[in-house]
Structure formats: C-alpha cells, structure tokens
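A.B. asks: sequence plus the predicted model coming up.
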Amino acid sequence: MKESHRTSTQLRSSWTLGLVMVSLFTLFPISAEAETARWDIDPDHSAIEFRVAHMVVSKTSGRFTEYRGFIEMDADAKILKTIEATINAEAINTNHEKRDAHLRNPDFLDVKQFPTITYKMKSSQKAGETYTFVGNLTLHGVTKEVSLHGTFNGVTQDPWGNTRAGFSADGKLNRKDFGMVWNKVLDSGGLVVGDEVQIHLDIECIKARNPS
C-alpha cells in the first residue's frame, strides 16, 4: 500500500509540473523567429556616401540622396538576418552640377540604362562589437560581392512613438570591377580619377509597426 501511495503521489506531482510548464509556455512562448522584426531605412536621417581619389592629390566626396531599404533583425540579440537596399542612381550629388552630369552619363553610372543600384546581404559575422556584412552589390549592370564593416549603434524611442536603431559601416570597391573604366592621363603621368571607391554609411531605421 505504501508503494502504491508513493507512486500515486509521484504521478500527481508530475501531472502538476506538466500543467505548470504548459501554462508558462502559453504565457511566454519561446520562439527565435518571434524576436525578428523588420526595420525600414529612414532616408531623412541616413547617409550613403563615397570618396574617390582625384588627380592623386585629393579626394572627391559625394552621396546618393534617394534610396529605400530595410533590415530584418533581432535587436535585443543584435543579430542581423537581412539587409536590402535600392538606390536611385540618378540621385548622385557631389555638389558640382557638371561633374554630377558626367557621373550620370555612360562613362560612369549610365543611369538611363541602369537606373538603380541594389545591395542584398548574403551573410554576416559578429566579432565583439564589429560586424562584417557580405552582400551582392549590383552596380552599372554588374553584380559583385562587397564587404562592409560596421557597428550597431543601439536602439532608442523617438518622441512620436517610433522605435529607432542606427548603424555605421564602411567598405570599398574597385569601379573597374563594375565596368566603369573611363579615365584621363594627366601631363604629370597620373590619372584624373582613382579606381578605388571608399564607401561610408550612416543608417537610421524605424521598426515597422504590426498592423492593427
């Protein structure tokens, strides 16, 4: 009888524990995907900039002023799963109208034939507070892998109830890899435009709200 009573008590305890666990999982579901959200790039508070050598002795800088994109990430865990962006190639600005017109023509971006520039992340790695993103950049009709190295600058709430996050990143590419080979030789033997293009990004994004 004592053994039977002990077994019955153990069964009731196991049943009670099971009910408690089910209740906890119902109240607090464990799902890695539930942590992932979409964050839309806010172009009014972001910058996509570049620099390239000019006549060896200096660098010319510019930016693109029209673009859209989004990031899918778990902000609490600082895990980025998707980065996609589309840039309007015509919206290039180096603060010099004649130079901008040249950059839009077939010698460089050829914006009539290739109106957009796109980037899609393929993979990411985190080492300490630094991220390395590898993605496909499609520029001037050519797709190549480009790496970006950056930091996650944190999350905050704005006065209008939006949740915002920020990133900074840098990278580089060789414009000739994308079919932009125009140049001129200076009398001194140097070139008017360098081949390496340095990229700098400051990206602010807004967490998408769940539809009500």
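C.D. replies: Noted; the coordinates are in hand. Residues are numbered from 1 along each chain as shown.

A.B. asks: now do the helices in the protein.
C.D. replies: Chain-ordered helices for the chain, with DSSP state H as the definition, fall at 2-27, 97-104.

A.B. asks: weakest of those helices by average pLDDT?
C.D. replies: Of all the helices of the chain, the segment with the smallest mean pLDDT is helix 2-27, scoring a mean of 46.

A.B. asks: residue 184: what's it in contact with?
C.D. replies: If you count contacts by CB atoms under 8 Å, 6 or more residues apart in numbering, residue 184 has them with 191-193. C-beta here means a position set from N, CA and C on the backbone, and glycine is covered the same way.

A.B. asks: for the residues you listed, give me a markdown table that also has pLDDT, neighbour count and distance to residue 181.
C.D. replies: Converted to a markdown table, the contacts of residue 184 look like this (pLDDT from 0 to 100; neighbours: other CB atoms under 10 Å; distance: CB to CB, whole Å):
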| residue | pLDDT | neighbour count | distance to residue 181 |
| --- | --- | --- | --- |
| 191 | 88 | 15 | 11 |
| 192 | 91 | 13 | 13 |
| 193 | 95 | 18 | 10 |
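
A.B. asks: can you count the residues close to the closest residue to residue 140 other than its chain neighbours?
C.D. replies: In this structure, residue 140 finds its nearest non-sequential neighbour in residue 178, 4.6 Å apart by CB to CB, 6 or more residues apart in numbering. The burial count assigned to residue 178 is 22, neighbours taken as other CB atoms under 10 Å.

A.B. asks: from residue 137, how far out is residue 178?
C.D. replies: 8 Å (CB to CB, to the nearest Å).

A.B. asks: who touches both of those two?
C.D. replies: What both residue 178 and residue 137 touch, as defined by CB under 8 Å, 6+ apart, is the set residue 144.

A.B. asks: where do the domain boundaries of this structure fall?
C.D. replies: 1-30, 31-207 (automatic domain parsing).

A.B. asks: looking at those domains, which is buried most?
C.D. replies: Of these, the one with the most neighbours on average (mean count of other CB atoms under 10 Å) is domain 31-207, at a mean of 15.
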